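A.B. asks: have a look at this prediction, sequence included:
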Amino acid sequence: MALHGARSPRRSRSLVPAALLVLVAVLGTAWVRIGGDLDGARSAALDRFAAVQAAQRYALSLMAIDYRTVDRDVRRVLDSSTGQARDEYAKGAERLKAATRLNKATQTGVVRAAGLVSVDGPRSIARVLVVADSVIRWEGAKTPPQDRFYRWSVEVTKVGGAWWVSKLEQVT
C-alpha cells in the first residue's frame, strides 16, 4: 500500500538534475560578477599606474634638456602636456632655448619617487607627487655642475584614453 506524500523514484531522479542546473546557474552568475569586479579593479589599478607614469615621464622630460637637441627636448615637454601646464611652458620655451644654446647647457635628471595622491574618476583627473634630482652642466665653463632638487605636485588629466600633464606646481 502506497503512502500519501511519498515521492516516487522517478520524481526524485528528475529533481536532482534540476537542482544541479540551478546550482550551476547560481555559481555561474557569481563567477561572472566576481570576474567583472576583478576586471574593474584591474582596470582601475592600471589606470592609476598610467597616471603616475605620465607624471614621471613629464618630470624626466623637464630635466632632459641639451643645447644640441633643445628644440626636440622642448617639443617633447609640450607634446606630453595640456591646459595650464602646456601654456605656461610654451610661454617660456623660446627664452629657455636661447639660454640653453648660449650657455651650452645640459641638464640630466632622475625621478627618485612618485606616488599617487588622489584620483577624481568622474573628472578623469589625478594628482601625483614627484621627487626628482638633476644636474646642470655648462660645456667649456669653469663653473662646476649644479645639483637641483625638485618636488612637484603634478595634475594629470585623462584625454582620449591617455594621461596628459595639465598642471605642475613646485612643492616646498
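C.D. replies: Right, received. Where do you want to start? Numbering: from 1, shown residues only.
A.B. asks: quick one: the helices in this structure, in order.
C.D. replies: Here the chain has its helices, by DSSP state H, at 9-63, 70-79, 83-103.
A.B. asks: nearest to Val154, out of the ones you listed?
C.D. replies: Across those, Val154 has its closest neighbour in helix 9-63 (4.0 Å, Cβ to Cβ). From N, CA and C alone the C-beta is placed, and that goes for glycine too.
A.B. asks: export stretch 92-102 as CSV, just CAs?
C.D. replies: Below are the C-alpha coordinates for stretch 92-102, written out as CSV (Å, rounded to 0.1, in the frame of the first residue of the first chain):
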residue,chain,number,x,y,z
GLY,A,92,59.0,80.5,-21.6
ALA,A,93,60.1,78.0,-24.3
GLU,A,94,61.9,80.4,-26.6
ARG,A,95,63.8,82.0,-23.7
LEU,A,96,64.7,78.5,-22.4
LYS,A,97,66.0,77.5,-25.8
ALA,A,98,68.1,80.7,-26.3
ALA,A,99,69.6,80.5,-22.8
THR,A,100,70.4,76.8,-23.2
ARG,A,101,72.1,77.3,-26.5
LEU,A,102,74.0,80.4,-25.4
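A.B. asks: surely Val159 touches Thr82?
C.D. replies: Yes: using Cβ atoms under 8 Å, Val159 is in contact with Thr82, at 6.3 Å.
A.B. asks: and the two? Which one has more around it.
C.D. replies: Thr82 (18 against 12; other Cβ atoms under 10 Å).
A.B. asks: residue closest to the middle of the protein?
C.D. replies: Geometric centre of the chain, nearest residue: Ala51, 1.6 Å, by Cα atoms, centre = their mean.
A.B. asks: can you list the weak-confidence ranges in the protein?
C.D. replies: For the chain, applying pLDDT under 70 flags the ranges 1-14, 16, 30-31, 34-38.
A.B. asks: and of the helices of the chain, who's closest to Thr172?
C.D. replies: helix 9-63 (16.5 Å).
A.B. asks: residues of the strand ranked longest in the chain that come out buried?
C.D. replies: In the chain, with assignment by DSSP state E, the single longest strand is strand 105-120. By 16 or more other Cβ atoms under 10 Å, the buried positions in strand 105-120 come out as Ala105, Thr106, Gln107, Gly109, Val111, Ala114, Val119.
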